[in-house]
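In: The sequence and its predicted three-dimensional model are supplied below.
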Amino acid sequence: MRRIGLAALLCLGVASQARADACARLAGRVVTVTGAAIAGRSGSTVAFGAADADLMLLDCRAPGRMILRARFAEPSRATFVLVGLAAQALAGARAEEAERLALVLHRAAREGGGPASGRAGPVAITCTAVPVGEFPTSCLLRRAGRTGRDQAASGVERVWLRPPALAAYRASSASR
């Protein structure tokens, strides 16, 4: 009986070490791709310091999420470049596609008053733009499911995107 308990504890330790190693690899990829610096880590959450985001957090738990926040209602283009690079590091998305989508989503959220969501390849992006608060601009990135119809990215056409913004994004994506 003791051997079974010891084996279970050993397996648990190996599994948690594997998760920690996977998180460290993912955090390292974020640093390499975005140029951000690791500011701290607590369990499965890694905080980064980046010139173009006031808050940048990685949650390594499945499916993997990142949030980038800016203190400005109209952040610079560099903030959206950083979102694209973060999407590339997190899920292997094409950085330029994710950057363009995040910019469109931010504008749609600003105009519509609520969050706007979309998908750029393997990453689902939701952006908000609120006129007040410490961080009026936020973009949440999530690894999307393999089926393309996971919770984070379902119903992209019916979520808070205004038709002109969605049409412009589709046209720019189709031209490549």
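Out: Sure, I can see it.

In: So what pairs up with the residue nearest the centre of the chain in the strands?
Out: The residue lying closest to the centre of the chain (Cα atoms, centre = their mean) is residue 141, at 1.9 Å. In this entry, residue 141 is beta-bridged to residue 66, residue 125, by DSSP bridges.

In: Check the spacing between it and residue 128 real quick.
Out: 13 Å (Cβ to Cβ, to the nearest Å). All C-beta atoms are positioned from the backbone trio N, CA, C, and that covers glycine.

In: ok, now residue 62?
Out: The gap separating residue 62 from residue 128 is 23 Å, by Cβ to Cβ.

In: what does residue 80 give?
Out: 14 Å.

In: ok, those two, which is more surrounded?
Out: residue 80 (25 against 22; other Cβ atoms under 10 Å).

In: List the residues that contact the more buried one.
Out: Each residue near residue 80 by Cβ atoms under 8 Å, 6 or more residues apart in numbering is listed here: 99, 102, 103, 106.

In: And the buried ones among those residues, selectable in ChimeraX?
Out: In ChimeraX syntax, the buried subset of the contacts of residue 80 is picked out as below (16 or more other Cβ atoms under 10 Å):
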select :99,102,103,106
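
In: So which of the contacts of residue 80 sit within helices?
Out: Among the contacts of residue 80, DSSP state H puts 99, 102, 103, 106 in helices.

In: Helix, strand, or coil at the residue nearest to residue 145 when sequence neighbours are not counted?
Out: Excluding the flanking residues, the one nearest residue 145 by Cβ to Cβ, 6 or more residues apart in numbering is residue 63, at 7.3 Å. What DSSP: H, G, I helix; E, B strand; the rest coil gives for residue 63 is coil.

In: how close does residue 29 get to residue 43?
Out: 19 Å.

In: Ok, residue 106 next?
Out: Counting by Cβ to Cβ, the gap from residue 106 to residue 43 is 30 Å.

In: nearest to residue 119, of the ones in helices among the contacts of residue 80?
Out: residue 102 (11.6 Å; Cβ to Cβ).
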